[in-house]
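K.L.:
Please find the sequence and the predicted model below.
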Amino acid sequence: MNHIIIKDRFNPQASLLRQDFESRFSVKKDTSHKRFVWDYWYVQDQYQFLRTPAYHFFKAKVYNQFHTQLVNWGREHLGCHDVSPPWLSYYIDGMQQKPHSDVPHGPWAWVYSLTVPKRIFTGGETFIFKPEVLNYWSHFSNEKNREQEAYMDFIAPDFNRLIVFDPRYPHGVTPVVGTHDPLQARLVIHGWFVEPRPYVVGGLTTEQAQLGIENVIYNLSSVMQSQGEFHGTLSLRLDIEKSGVVKKVTWLTNTVLSLSSDQKAEKYLKNWLSLQFKKTIFPKATKSSAMTIPLLFR
């Protein structure tokens, strides 16, 4: 699944975030101002859940560790420099999100679950439409009946699980059934990875690295003219020796699609980029470097 990434046991300090949340509800009849922070996000026939800005809700020391880990992961694996201001949301009985897409917000959406490990509710899965549904007839078959699992991926809100996905695909949250208790609710932090730009670790400076790939980016226009239009996001990593030679090109993510549904064009683009980056020569440095490059096609 090129459009979905799942990282279980993402945060080694997840229990501290969970404990901080639970402390707000430890006294059932508490009237502290800390309890009055929730917005009931309701849009008829579309959204229904409770939310609050995550960075204001948690203790700073506890939250900042998670935020820093998340941002660093996005830089290393997606080439996205930051995240949008995250929300903390919980879902009790009857709450859900119906299918929608989030194209303007960022190239990748993310959902991080702090849901209690032993859930008493049903539902609450993140569902994401499968790619073949959006190009249905090219994948149609009379050989078997198809039910909802054939059209959507369902991902449970397991504790300490990070889900990252392409927000162009219609997605949502299945209805939660079985609890009205916030401590037993579907509890998630969520947002978008934003500000895609090259991320470099090692001897090269960011400016040197960007200069090194200018010719490849410039020559992309000829590929677009010959192969047609593309849409999506990809990221790759270059392992660069201190001599400036590219030792290895590794593909990290790729959601780029040909708008003419030409799979040969998609393959050509990937092969062309691999070859061009492999031939790129960077300035010499005192030590080797690793460079994550995001490319957005819109």
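P.N.:
Happy to help now that I have it. Residues are numbered from 1 along each chain as shown.
K.L.:
so residue 166 sits right up against residue 233, yeah?
P.N.:
Yes - between residue 166 and residue 233 there is a contact at 7.3 Å, judged by CB atoms under 8 Å. For every residue, glycine as well, the C-beta is placed using N, CA and C.
K.L.:
Touching both of the two, which residues are there?
P.N.:
Residues touching both residue 166 and residue 233 (CB atoms under 8 Å, 6 or more residues apart in numbering): 107, 108, 255.
K.L.:
Can you report how many residues neighbour the spatially closest residue to the last one that is not a sequence neighbour?
P.N.:
This points to residue 255. Nearest residue to residue 255, sequence neighbours excluded (CB to CB, 6 or more residues apart in numbering): residue 232, at 4.1 Å. Residue 232: 21 surrounding residues under other CB atoms under 10 Å.
K.L.:
and residue 232, what does it touch?
P.N.:
Residues near residue 232 by CB under 8 Å, 6+ apart: 166, 168, 254, 255, 256, 257, 296, 297.
K.L.:
now do residue 92
P.N.:
Residues in contact with residue 92 (CB under 8 Å, 6+ apart) are 50, 176, 179, 180, 181, 182, 185.
K.L.:
Could you check the pLDDT of it?
P.N.:
pLDDT, residue 92: 98.
K.L.:
now the one 3 residues further on
P.N.:
Residue 95 is assigned a predicted lDDT (pLDDT) of 98.
K.L.:
Can you show me the strands along the stretch 151-298 of the chain?
P.N.:
Using DSSP state E, counting those that start in this stretch, the strands of the stretch 151-298 of the chain run over residues 152-155, 162-165, 171-173, 186-196, 199-202, 230-240, 246-254, 257-258, 289-297.
K.L.:
Rounded mean pLDDT for stretch 124-134, please.
P.N.:
In this model, stretch 124-134 has a mean pLDDT of 89.
K.L.:
what's the span of that stretch from first residue to last?
P.N.:
Taking CA to CA, to the nearest Å, the first and last residues of stretch 124-134 lie 23 Å apart.
K.L.:
picking that back up, got TSV for the shared contacts of residue 166 and residue 233, with pLDDT and distance to residue 172 too?
P.N.:
Converted to TSV, these look like this (pLDDT from 0 to 100; distance: CB to CB, whole Å):
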residue	pLDDT	distance to residue 172
107	93	19
108	96	17
255	90	19
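K.L.:
mind listing which of those are in helices?
P.N.:
Secondary structure defined by DSSP state H assigns none of the shared contacts of residue 166 and residue 233 to helices.
K.L.:
Thanks a lot, see you next time.
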